[in-house]
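In: Sequence and predicted structure below; questions after.
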Amino acid sequence: MRIPLRTTIWALPWIIPTVGCTQYFAPLGPGFDWGQAWDMLPVDGRLYMAGDFAGTADSSVNSRGVLSWDGASFEAVGCGLFSCDLPQTWHMSAPARSLAYWQDELYIAGDFNLSSIPGVAFIARFNGNEWVGVGGGMDGPVRGLKAYPDGLYAAGWFNNAGNTPAEGLARWDGEQWHSVHDLPLLDDYPINMVNDVAIINDRIYIGGNFSGTPQDSIYSIAQWDGTTWNNLDHGFVGGLTQILKLEVHDSLLYIAGAFADTGQYGHPLNPASGIIAWDGEDWVELGSGTDGANIPWVTDMAWHNDTLYVCGDFNRIGGVEAGGLARWDGQQWCALLPSPPGAYGISCLTFFNDTLHLGGGLVYMGSDSVNRVAKWIGGNHVEECEEPVGIPQQVDNEVPGITLYPNPATVELNVLHQGRPLPSGLLRITDTIGRSVAERPLTGSAVPLGPLAEGVYHAQVTTEQGRSLGSVVFVIAY
């Protein structure tokens, strides 16, 4: 296996193209004065935004690096990431990139190292009045924050968290930092460049830009399996490859970033382009992935009503034209924008008040200024969709995962795992927009389907313990 060339991309999402077409979006008030919005987080009726701005574009609110929005107006969060005694109009020299809410407090992290606030080094906590340090902070940038019951997890490009050695991954328990299962250096680079972390049951996953060795195959993604840190299949390889985001939904790990299986910077060992899911044992494809850029990456993703929304630098996804914004309904990709004409774009997205909100370097949408933040107002391009994912064909000599027959089905369905009937487990059936329509226990015999209507469905198979074994699209035709 070829070891990928290490390429440090400090400002990767700055070169994402912008989206046009004013009929789809409205600005959020005056927007921001400069830079980008890098992350968004809804909390208790407010939408918090992190970036490298000084405040709103009309200078009515100054709050360096962090602002909040209530649906009608912006508000400062303390004095922003700056001392209240210093001018608030100075921009961030290094951006805030990630937000999290843990134990009723807001946390922010990024590339900033603030001498103006004691103890704030790449991460800060808002105590309700002002921003304060978190256990002495880190000795390098923090790229991702995730809140879990046992603590706040920080992923980044650091060697130490406070006084604790922690190679790119640390856990904050409210009083001190801890290393996470003694994560070692994953290659010969002096730091682990970790961008994000996710946890499913007792497994911890990290993604970033690290190259491992030919012996361990830890390329850009790694997992703690309860005993040791190891690889996921072949990982993700290629000269500019890195994982940017990890999210969990319905026991699947969704992986997004800068990777491709074809093209100048792609590699045939990669399982997909831009986005893929992992069920704990095997890859789960989401259509044909992204296309249309040198390395067509996905920078952020968010679930809403069992539909996955993604943004990034891609001109096509699932084979359809898309301006860096699309959604996946479980069977097909639909473009939410046509191809972008500009040179700036979307870095982050989330849902607030049941509405899709976007942030990034969005200076304009068509002829209208949106000043880096916008919300969806309708008129979408859902008619621009790929063909629904067909029934998987078994490849010769390939070990089968989940197999369903007959397909199309009528009154019952047989479920096989690696060619054998499943004596136990659960079959969950969802429709084309991700709604659960039926659940059937698996007993080793045929599963009755009635009274489901004719149509296309998605079958998800899990063990009694809840571990996913795979998923298959099938058709009911009477």
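Out: Ah, there it is.
In: Can you pull the phi/psi pair for the nearest residue to residue 95 once chain neighbours are set aside?
Out: Using Cβ to Cβ, 6 or more residues apart in numbering and skipping the chain neighbours, the partner closest in space to residue 95 is residue 52 (3.7 Å). C-beta here means a position set from N, CA and C on the backbone, and glycine is covered the same way. Dihedral pair for residue 52: phi -120, psi 30, per degrees, to the nearest 10.
In: doesn't residue 71 fall inside a strand?
Out: No. Counting by DSSP: H, G, I helix; E, B strand; the rest coil, residue 71 is not found in a strand; it is coil.
In: State the number of residues packed around the closest residue to it other than its chain neighbours.
Out: Excluding its sequence neighbours, the residue lying closest to residue 71 (Cβ to Cβ, 6+ apart) is residue 353, at 5.7 Å. The local packing of residue 353 (other Cβ atoms under 10 Å) involves 11 other residues.
In: in terms of contact, does residue 353 touch residue 72 like I think?
Out: No. Using Cβ atoms under 8 Å, residue 353 is not in contact with residue 72, being 10.6 Å away.
In: Quick one: residues contacting the residue nearest to residue 95.
Out: 34-36, 38, 65, 91-96 (Cβ atoms under 8 Å, 6 or more residues apart in numbering).
In: Check it and give its pLDDT.
Out: Predicted confidence (pLDDT) for residue 52: 89.
In: quick one: it from residue 224, how far?
Out: Residue 52 sits 33 Å away from residue 224 when distances are taken as Cβ to Cβ, to the nearest Å.
In: do residue 231 as well
Out: 12 Å.
In: follow-up on the earlier one: so which one among the contacts of residue 52 has the lowest pLDDT?
Out: Within the set of these, pLDDT is lowest for residue 91 (60).
In: Tell me which helix or strand in the chain has the weakest average pLDDT.
Out: strand 368-369 (a mean of 61; mean pLDDT, DSSP states H and E).
In: Stretch 402-412: how far from the chain's middle?
Out: 33 Å (Cα atoms, centre = their mean, to the nearest Å).
In: Repeat that for stretch 241-252.
Out: Relative to its chain's centre, stretch 241-252 lies at 5 Å (Cα atoms, centre = their mean).
In: just stretch 308-316 next, same as before
Out: On Cα atoms, centre = their mean, the centre of stretch 308-316 falls 11 Å from the chain's centre.
In: next one: stretch 108-126
Out: With Cα atoms, centre = their mean, you get 24 Å for stretch 108-126.
In: Start and end of it, how far apart?
Out: 8 Å (Cα to Cα, to the nearest Å).
In: buried residues in that stretch?
Out: Residues of stretch 108-126 classed as buried: 108-114, 117, 119-126 (neighbour count, 16 or more other Cβ atoms under 10 Å).
In: Identify the residue spatially nearest to residue 405, adjacent ones excluded.
Out: residue 414 (5.2 Å).
In: Same question for residue 450.
Out: Once flanking residues are discounted, residue 450 sits nearest to residue 411: 6.1 Å by Cβ to Cβ, 6+ apart.
In: wait, doesn't that neighbour sit right on residue 451?
Out: No. Between residue 411 and residue 451 there is no contact, the gap being 10.0 Å when judged by Cβ under 8 Å.
In: Look at those two and report which has more neighbours.
Out: residue 411 (12 against 7).
In: Against residue 167, how distant is residue 347?
Out: Noted for residue 347: a distance of 26 Å to residue 167, by Cβ to Cβ.
In: higher neighbour count, the two?
Out: Per other Cβ under 10 Å, whichever of residue 347 and residue 167 has more neighbours is residue 347, with 27 against 21.
In: pretty sure that one is in a helix, no?
Out: No. Read with three-state DSSP, residue 347 is strand and lies in no helix.
In: what's it in contact with, if anything?
Out: The contact partners of residue 347, by Cβ under 8 Å, 6+ apart, come to 13, 16, 36-38, 299-300, 311, 359-361.
In: Spatially, and excluding backbone neighbours, which residue is closest to it.
Out: Per Cβ to Cβ, 6+ apart, closest to residue 347 is residue 360, 3.7 Å.
In: That neighbour touches residue 325, doesn't it?
Out: No. Assessed by Cβ under 8 Å, residue 360 is found out of contact with residue 325, at 10.4 Å.
In: list residues touching both of the two?
Out: 311, 346.
In: Quickly find the element holding residue 48.
Out: Per DSSP states H and E, residue 48 falls inside strand 46-51.
In: now that strand, how far from the centre of its chain.
Out: Centre to centre, stretch against its chain (Cα atoms, centre = their mean), the figure for strand 46-51 is 17 Å.
In: any idea how far the most centrally placed residue in the chain is from residue 149?
Out: Centroid-nearest residue in the chain, with Cα atoms, centre = their mean: residue 245, separated by 3.6 Å. In this view, residue 245 and residue 149 are 21 Å apart by Cβ to Cβ.
In: quick one: which of the buried residues of stretch 108-126 is nearest residue 278?
Out: Closest approach to residue 278 among the buried residues of stretch 108-126 (Cβ to Cβ): residue 109, at 25.2 Å.
In: quick one: the nearest residue to that closest one once chain neighbours are set aside and residue 443, what's the gap?
Out: Spatial nearest neighbour of residue 109, chain neighbours left out: residue 142 (3.6 Å); criterion: Cβ to Cβ, 6+ apart. Between residue 142 and residue 443 the computed distance is 48 Å (Cβ to Cβ).
In: who's more crowded, the two?
Out: Neighbours were counted for residue 142 and for residue 443 using other Cβ under 10 Å; residue 142 has more, 29 against 12.
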